[in-house]
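Novice: Turn this into a structure:
(one chain, ligands or ions: 2)
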Amino acid sequence: MEKSILITGGAGFIGSHVVRLFVKKYPNYRIVNLDCLTYAGNLENLKDIEGEKNYVFAKADINNEELLKEVFNDYQITDVIHLAAESHVDRSITDPLAFVKTNVMGTVNLLNTAKNFWKDRENHLFYHVSTDEVYGSLDDGGYFLETTPYDPQSPYSSSKAASDHFVRAYANTYGLRTVISNCSNNYGPNQFPEKLIPLCIHNIKQNKPLPVYGKGENIRDWLFVVDHARAIDLVFHEGKTNETYNIGGFNEWKNIDIVKLLCEIMDRKLGRDKGASAQLITFVKDRAGHDQRYAIDADKINKELGWKPSLTFEVGIEETVDWYLENEKWLDSVTSGDYQKYYQEHYS
Ligand code: NAD
Ligand code: DAU
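Specialist: Numbering: from 1, shown residues only. Ligands and ions are numbered 1, 2, ... in the order given. Predicted coordinates:
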């Protein structure tokens, strides 16, 4: 095998798309998917590649030092693409320590294992997949650049900012070869239905209220998950050592407009009267400390690595709705267990 890449969080939403892309595109790389399978991790996401010769799954928590050492040693890991994280802002508001544990301590544990395992550090890469939320919140104007000072506002974004700082500290202090990318909001197949888009699709189908925080005026920049995976592939192979790349969709939407669009699409696909699903829109109490606007300037990755989104939002969102309608079993399985409890506690 030319490389033996450890991808953490590969059973989650973005991780599963990254694992699939690498397993299929690089038959001469071994892909080791390490995931502890929290509520957000689901091996069903990777059913189609389960038997591939260059794919291995290892169930482990990134906080488990012994297991990490074993995996590095057993599979002679040459590179890391680190996605494992607690990823939902609302959950970080109710349980910040879980975010410190996985996103900060888990990342440092992983950095340490890589640093100790790789004696010739210049020949290996530690890639941290991070978020645009580390830059804070924007008003109506301006964009996040790679040089924008960090200003995280939520427990989630603070934990991701801390993990980014540790990655840079390991590059500076121990000579680890690293790269970081900070991406905007992803959407697409396999996203857990606690995030805005899949939650709305799921609720519209069931004729349940669509909870819009505050006035629905907050703005996010949406990117199709497969385009994020393509960007990660490029940054991994062609990104400059110890650099940062912003990744975004050039696609800003107010939350309320996204929800209305989903209602229109679902009315059409479910054969409902025009305007029927929009009756479900319910304005609820705002998220505490709700960031107003995120908007990425993705000029650097575009100019230096030639990346841009391949799908328009109109096409991507139709594909996404179709996927959720065609994958009822997946939805049923991920919403069994603790999902109902979380939903009732959060939205009551
Ligand atoms: P997700 O919640 O869908 O998946 C996270 C995965 O990590 C799950 O499979 C889970 O089981 C695993 N995991 C969690 N804690 C773990 C631990 N302690 N040990 C091992 N595995 C663990 O998340 P996602 O939305 O796919 O996000 C993936 C990464 O991308 C995260 O680092 C997130 O911060 C970042 N990111 C996400 C977005 C987005 O819009 N979703 C945008 C930019 C960056
Ligand atoms: O910007 C990148 C980030 O995008 C990632 O780092 C995070 O992991 C990912 O979860 C996402 O964070 P957001 O908080 O922006 O995503 P979420 O889908 O939770 O919310 C999107 C917007 O919709 C946000 O302004 C809050 C609002 N919202 C969300 C939910 C779940 C609602 O109005 N109602 C809801 O029920």
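Novice: Return the residues in contact with the closest residue to V179 other than its chain neighbours.
Specialist: Nearest residue to V179, sequence neighbours excluded (CB to CB, 6 or more residues apart in numbering): G239, at 4.5 Å. For glycine as for every other residue, the C-beta is placed from the backbone atoms N, C-alpha and C. By CB atoms under 8 Å, 6 or more residues apart in numbering, the residues touching G239 are Y127, V179, S181, Y245, L305.
Novice: With A85 instead?
Specialist: Neighbouring residues of A85 by CB under 8 Å, 6+ apart: G9, T102, N103, G106, S159, K160, S163.
Novice: Next, count neighbours for the spatially closest residue to the second one that is not a sequence neighbour.
Specialist: Nearest-residue entry for T102: E86, 5.0 Å, with adjacent residues in sequence omitted and distances by CB to CB, 6+ apart. Other residues within reach of E86 by the criterion other CB atoms under 10 Å amount to 23.
Novice: Also A171?
Specialist: 19.
Novice: Tell me which residues of the helix or strand hosting it come out buried.
Specialist: Per DSSP states H and E: A171 is located in helix 155-174. Burial within helix 155-174, assessed by neighbour count using 16 or more other CB atoms under 10 Å, is assigned to 155-164, 166-167, 170-171.
Novice: Near the residue of the stretch 1-150 of the chain found nearest ligand 2, how many other residues are there?
Specialist: Going by CB to the nearest ligand atom, ligand 2 is nearest to T131 of the stretch 1-150 of the chain, at 3.1 Å. Counted with other CB under 10 Å, the neighbours of T131 add up to 23.
Novice: Surely E122 is in a helix?
Specialist: Yes - under DSSP: H, G, I helix; E, B strand; the rest coil, E122 falls within a helix.
Novice: Distance of it relative to A298?
Specialist: E122 sits 28 Å away from A298, going by CB to CB, to the nearest Å.
Novice: the more surrounded of the two?
Specialist: Set E122 next to A298 and count neighbours by other CB under 10 Å: A298 wins out with 26 against 10.
Novice: Hmm, that one is touching V235, no?
Specialist: No - using CB atoms under 8 Å, A298 is not in contact with V235, being 11.7 Å away.
Novice: what sits in contact with each of the two?
Specialist: Residues touching both A298 and V235 (CB under 8 Å, 6+ apart) are I247.
Novice: Around ligand 1, pick out the residues from the stretch 51-200 of the chain.
Specialist: Within the stretch 51-200 of the chain, the positions adjacent to ligand 1 are 61-63, 83-87, 102, 106, 129, 131, 160, 183, 185-186, 192 by CB under 6 Å from any ligand atom.
Novice: repeat that for 8 Å
Specialist: Counting by CB under 8 Å from any ligand atom, the stretch 51-200 of the chain comes close to ligand 1 at 60-64, 82-88, 101-103, 106, 129-133, 156, 160, 182-187, 190-192, 195.
Novice: Give me the subset of these that lies in helices.
Specialist: Under the assignment DSSP state H, those contribute Y156, K160 to helices.
Novice: Filter the residues of the stretch 51-200 of the chain next to ligand 1 down to the ones in strands?
Specialist: Those of these mapping onto strands are H82, V129, S130, T131, N182, C183, N185, N186, Y187, per DSSP state E.
Novice: Excluding sequence neighbours, find me the nearest residue to the last one.
Specialist: In this case it means Y187. Spatial nearest neighbour of Y187, excluding adjacent residues (CB to CB, 6+ apart): I197 at 4.6 Å.
Novice: Please enumerate the strands of the stretch 151-300 of the chain.
Specialist: Here the stretch 151-300 of the chain has its strands, by DSSP state E, counting those that start in this stretch, at 178-183, 185-187, 210-213, 219-224, 244-247, 252-254, 281-284.
Novice: Relative to N54, how far out is the residue lying closest to R287 once chain neighbours are set aside?
Specialist: Once flanking residues are discounted, R287 sits nearest to Y213: 4.9 Å by CB to CB, 6+ apart. For Y213, the distance to N54 equals 43 Å [CB to CB].
Novice: Looking at the protein, which residue is nearest ligand 1?
Specialist: At 2.1 Å from ligand 1, G12 is the closest residue in the chain, using CB to the nearest ligand atom.
Novice: Just list the residues touching that residue, thanks.
Specialist: Taking CB under 8 Å, 6+ apart as the test, what G12 contacts is D35, A40, G41, N42, N45, L83, A84, S87, F192.
Novice: got a pLDDT number for it?
Specialist: On the pLDDT scale, G12 is placed at 98.
Novice: Same question for the one 3 residues further on.
Specialist: At G15, the model reports a pLDDT of 99.
Novice: tell me the phi and psi of it?
Specialist: Dihedral pair for G15: phi -60, psi -40, per degrees, to the nearest 10.
Novice: That one - how many residues pack around it?
Specialist: Per other CB under 10 Å, the neighbour tally for G15 reads 29.
Novice: What are the neighbouring residues in contact with it?
Specialist: G15 neighbours (CB under 8 Å, 6+ apart): I7, T8, G9, N33, D35, L83, A84.
Novice: picking that back up, run a quick neighbour tally on the residue nearest to R287.
Specialist: 18.
Novice: surely it meets G289?
Specialist: No - Y213 lies out of contact with G289 (CB under 8 Å); the separation is 11.4 Å.
Novice: Show me the shaky parts of the stretch 101-250 of the chain.
Specialist: For the stretch 101-250 of the chain, no stretch is flagged by pLDDT under 70.
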